[in-house]
Structure formats: C-alpha cells, structure tokens
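build me a model from this:
(one chain, ligands or ions: 1)
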Amino acid sequence: MKAIVVTPGIAYSTRIIDIKRPEIRSNEVLVKTIRVGIDGTDSEICLGYYGAAPSGDNFLILGHEALGQVLEVGNNISKKSQSLKIDDLVVPLVRKPGDCYYCLNGAPDMCIGGKYKERGIKGLHGFMSEFFTEDPNYLIRIPKEIESVAVLLEPLSVVEKGIRQAWDIEKRIFWQPKIALVLGLGPVGFLASIVLNLLKLKVFVYSLEKESDPRVKIIKELGIEYISADTDIFKLSSIIKGNIDFIFEATGNSSVALKSMSLIGKNGVLCLTGVTGGNKKLTICADCLNLDLVLGNKIIFGTVNANKIDFEEGIKHMKIINQNNPSLLEKIISHRFTPNEFKQGLENFQGIKAVIEF
Ligand SMILES: [Zn+2]
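So this is what the prediction gives:
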C-alpha cells in the first residue's frame, strides 16, 4: 500500500513509499483510509522540527486527522451491538496513554509523565496510508450524515476541549458569557468561531487575512465581526467595547498570545492553544498585567490535544452546524490532493485546509 512518510528530524525527507498492508491482531480492526487532513504539525514534522518514528522503524507515516471505513474486524472484538462493524465510518484518536495518573484514568490529553504516544507525531505511525489498524477503543464511530466533514473532527476536538475546560473553570461563578474573541483564522480558529457563534456568543475574530479573503467572507455571513491584524491588538478593547468574556487564542504567535492577556474582560478566561517552538522575547509591563489579572478575577490556561468526550461533543456540534448551514463546514476544506500531490499540501500551503483523498 502507498504511505506518505518522513524521516523524523530530517527536513524535506517526506516521500511516498510502498509498504506491506498491515494485518490486524484479534483485538483490532482494519480501516480503509478515506481522507486525511494536513495541519501545521504535519508541516513542521516535514521541516524536521520534531516527530519520532515508532521503535524499530526509521520512518514515520504522517497524518493524525483522519476519516476511514472499517474493512475487517478482529476475532476477539465482540459481536455486541456496541462494537464496530464492517463499513462503519471512524475517526481515530491521536494520543495513546503513557503510565501517569491522568493517562491511566482516561485523560492522556492531560498527561504529566510525557510517556504518551501520538499517531503520526510521536512514536506511532499516522494515517496517511491506504489502510491502518487500530484498537476500537481509539476509534470514534461517525454518523453517515457528517461523513463529508468528519475529517475536521480532530481539529474540532481541540476547540471543544478548550471551550469545555473554559466553561468548567467558570463554574466558579454564575458565568454568563456574552462576548468571545477568537485570535487567528486557521482551521482551529475558524472552527472555534463557528462553535462560539453556535453557542450564541457575540463573536469577534482578529487575524492576518485581508477583508477580501474567502474565509473572512464566510464568517461575516454568520454575523461574526472581523478585525484585520492591520489594527493594533491593544485597540481591540475599544473597538469591541463590551466585556470580553472569553478569548480563544489560535494564532501560533506567542506575541499575540502574551498581548491578548491584557484584553481579557473582568471574570473572563483566556484559552491558549498555539504551539510556539522558538525563543522569542517580549517586554511587557509586568505590574500592569499582574494587577489587571488580580483585580479582574481573570484566568489564563493552556490546552493541548483532546479527550474522547471532546470528539463526541464535536460530532453533536457538526450535526447541528450541518443542519443549520449545510455547506459551511465543507467550505473549510479548501483543497483536496491525491497522495502523489502530498507536497502541495505540506509545503507552503496557503489555503484554509488541505486534505489528502485516498
Ligand atoms: Zn501520562
């Protein structure tokens, strides 16, 4: 079978190879890959910044945002109505638990031991191959009605986790959020603005795109307000006016993340999702920031990856979004490539979201 692989740590080593189709163990299912999304993590692995091959292999199959269809079911998988069946559509989870308290209690996304593995990223092959095998405990069954957009479920799960945790944190008070600010209009920021709009918040988005960008047009049609990054970030409070209850930061730019701390409204919460690998320095007024956070009862938290429950919540939201606005989520998938065209999606990609169709 064809597989798109990289030699971790070696820039531009991405290639397509022919390898043996995997065979299932009795507790696994064989999945035929339908499509795989490409994100910034994949591009950074291709640039050699990180990524780790499974032990015993000198290459890593890329890809962690996948949709597939069950082709074969292992002998030990129970025939109960709950278990996966041939032809079921599935989206795989990315992270596999290590041995810390959180991993052992169903929350590998909150791992503190660092021994977790991630498919297509750290120690396990990903899904950019014609077939893959998986334990059904790490597969989410997908309703047929969201098949065309389910490849977005993994990035959506990151959004869902951020929102779930913010709302959980704010159980400290009788929180009534009205205004949300999303920073960045990549796929994660885009999905966050759609979900927050669905949750009936007044949503503002601040990002680099010009007003003429197709994605700006799409969010404006939803009633979301767009402010281009030509505007100084510190002016956002005066433009937005009301109390900014929730900020979802998804620019991948640490300066924006730091500066956005001064925009949080009273009793508000800032959720940071951007991964920044550099060592950028920034001078801030530490007294001002500290005073502002204390006097305003403000919260800042970071979030990575997602729990199984966030994938389930994402499915619920996808169904509602599809009913309200049938083509909205599909518009996020701006480019579709064949496996042989992998370079166009992985190197210098400029669209909203690229997927590889298998
Ligand atoms: Zn752990």
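
where does the protein dip in pLDDT?
Confidence mapping of the chain against pLDDT under 70 gives the ranges 79-81.

and for it, the residue most distant from the center?
Asp287 (33.9 Å; Cα atoms, centre = their mean).

who touches the residue nearest the centre of the chain in this structure?
Nearest residue to the geometric centre of the chain (Cα atoms, centre = their mean): Pro155, 2.4 Å. By Cβ atoms under 8 Å, 6 or more residues apart in numbering, the residues touching Pro155 are 37, 39, 65, 187-188, 191. Where C-beta positions appear, they are placed from N, C-alpha and C, glycine not excepted.

buried stuff in stretch 16-26?
Buried residues in stretch 16-26, counted by 16 or more other Cβ atoms under 10 Å: 22, 24.

span of that stretch from start to end?
Terminal residues of stretch 16-26 are spaced 29 Å apart (Cα to Cα, to the nearest Å).

contacts for that stretch, please.
The contact list for stretch 16-26 (Cβ under 8 Å, 6+ apart) reads 1-5, 30, 59, 72-77, 129-133, 339-340, 342.

also stretch 99-106?
97, 108, 110-113, 115-116, 307-308.

ok, stretch 298-305 next?
With contact meaning Cβ under 8 Å, 6+ apart, stretch 298-305 is reached by 94-95, 108-109, 118, 158, 161-162, 165-166, 169-170, 261, 264-273, 275, 292-293.

quick one: buried residues of that stretch?
Those buried within stretch 298-305 under the rule 16+ other Cβ under 10 Å are 298-300, 303, 305.

also stretch 115-127?
116-127.

sort out for me which of those residues are in strands.
117-119, 123-124 (DSSP state E).

what is the nearest of these to the ion?
Lys117 (10.3 Å; Cβ to the ion).

list the contacts of that closest one.
Counted by Cβ under 8 Å, 6+ apart, Lys117 has contacts 95-96, 98, 123-124.

find the pair from the residues you listed with maximum spatial separation.
Gly98 and Leu124 (12.2 Å; Cβ to Cβ).

on that earlier part again, keep only the contacts of stretch 99-106 that also lie close to the ion.
111, 113 (Cβ under 5 Å from the ion).

the closest residue to Asn307 other than its chain neighbours in helix, strand or coil?
Nearest residue to Asn307, sequence neighbours excluded (Cβ to Cβ, 6 or more residues apart in numbering): Asp109, at 5.2 Å. Counting by DSSP: H, G, I helix; E, B strand; the rest coil, the backbone at Asp109 sits in helix.
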